[in-house]
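1. Give me a model of this one.
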Amino acid sequence: MKGGKSKAETKKPDSRLAVKKGKGTEKAKPIARPKKGAAAAKDPNKPKRPPSAFFVFMEDFRKSYKEKHPNNKSVAAVGKAAGDKWKSLTDAEKAPYISKAEKRKTDYNKTMDAYNKKLAGDTASAAADEDESEKSKSEVEDDEDDQTGEDDDDSEDD
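-> Now for the predicted structure:
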């Protein structure tokens with residue numbers, strides 16, 4: 001064998017370090033996630049989060065864009081044009097949208113505080129109702145023991 005390598009001279013890479021390739025490899029198992037229905041139920045009365053300054057800008061931009069392009073039905077085209085326009089605006093031009101967004105955020109925080117207080121009040125009243133029902137149950141059981149004339153403490157002393 002001229003110039004060729006013998007089997008002894010060729011070394012196979014260590015199987016522990018080698019990456020297996022080909023059809024025989026197993027696919028990675030997906031991460032177990034809870035099913036969509038298993039998520040906690042959302043409260044429909046919960047206030048929605050306020051829009052960012054960009055989305056406040058989008059409200060105005062959509063109106064003007066639809067006037068200029070009445071035949072355009074693509075939401076993606078409107079979004080792309082709005083994004084390009086937003087990037088080109090100076091800080092001074094963005095200021096009114098930022099102030100509107102901040103105002104909406106303060107309003108949202110107020111409504112969330114009221115919402116959380118309402119939830120806390122509902123859960124506190126529910127907990128109070130449970131405590132009262134447990135108390136009344138124990139009082140009823142004590143009254144029944146007294147009426148039968150059975151008193152465990154007296155019978156042990158005899």
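2. State the number of residues packed around Asn45.
-> Using other Cβ atoms under 10 Å, Asn45 is surrounded by 8 other residues. Every residue, glycine included, has its C-beta placed from N, CA and C.
3. Is the residue nearest to it when sequence neighbours are not counted in a helix, a strand, or coil?
-> In space, and not counting its chain neighbours, Asn45 is closest to Tyr115: 7.3 Å by Cβ to Cβ, 6 or more residues apart in numbering. Under DSSP: H, G, I helix; E, B strand; the rest coil, Tyr115 falls in the helix class.
4. So, low pLDDT: which residues of the chain?
-> For the chain, applying pLDDT under 70 flags the ranges 1-30, 32-39, 124-158.
5. Mind jotting down where the helices sit in it?
-> 53-68, 75-88, 91-148, 152-157 (DSSP state H).
6. got the contact list for Ile98?
-> Ala53 (Cβ atoms under 8 Å, 6 or more residues apart in numbering).
7. An error on my part: the question was meant for Thr106.
-> By Cβ under 8 Å, 6+ apart, no residues touch Thr106.
8. how close does it get to Leu89?
-> 23 Å (Cβ to Cβ, to the nearest Å).
9. ok, now Lys73?
-> To Leu89, Lys73 is 26 Å away according to Cβ to Cβ.
10. try Tyr115
-> Taken as Cβ to Cβ, the span from Tyr115 to Leu89 is 34 Å.
11. ok, these two, which is more surrounded?
-> Using other Cβ under 10 Å as the criterion, Tyr115 and Leu89 rank with Tyr115 on top: 15 against 12.
12. So the more buried one sits against Pro44, correct?
-> No - distance between Tyr115 and Pro44: 11.8 Å, which falls outside the contact criterion (Cβ atoms under 8 Å).
13. Show me whatever sits in contact with both of the two.
-> Common neighbours of Tyr115 and Pro44 (Cβ under 8 Å, 6+ apart) do not exist.
14. So what's the residue count around Met112?
-> A count of nearby residues for Met112, using other Cβ under 10 Å, gives 14.
15. check contacts around it.
-> Per Cβ under 8 Å, 6+ apart, neighbours of Met112: Pro47.
16. how near is it to Glu93?
-> Remark: distance between Met112 and Glu93 (Cβ to Cβ) = 30 Å.
17. likewise Lys73?
-> To Glu93, Lys73 is 28 Å away according to Cβ to Cβ.
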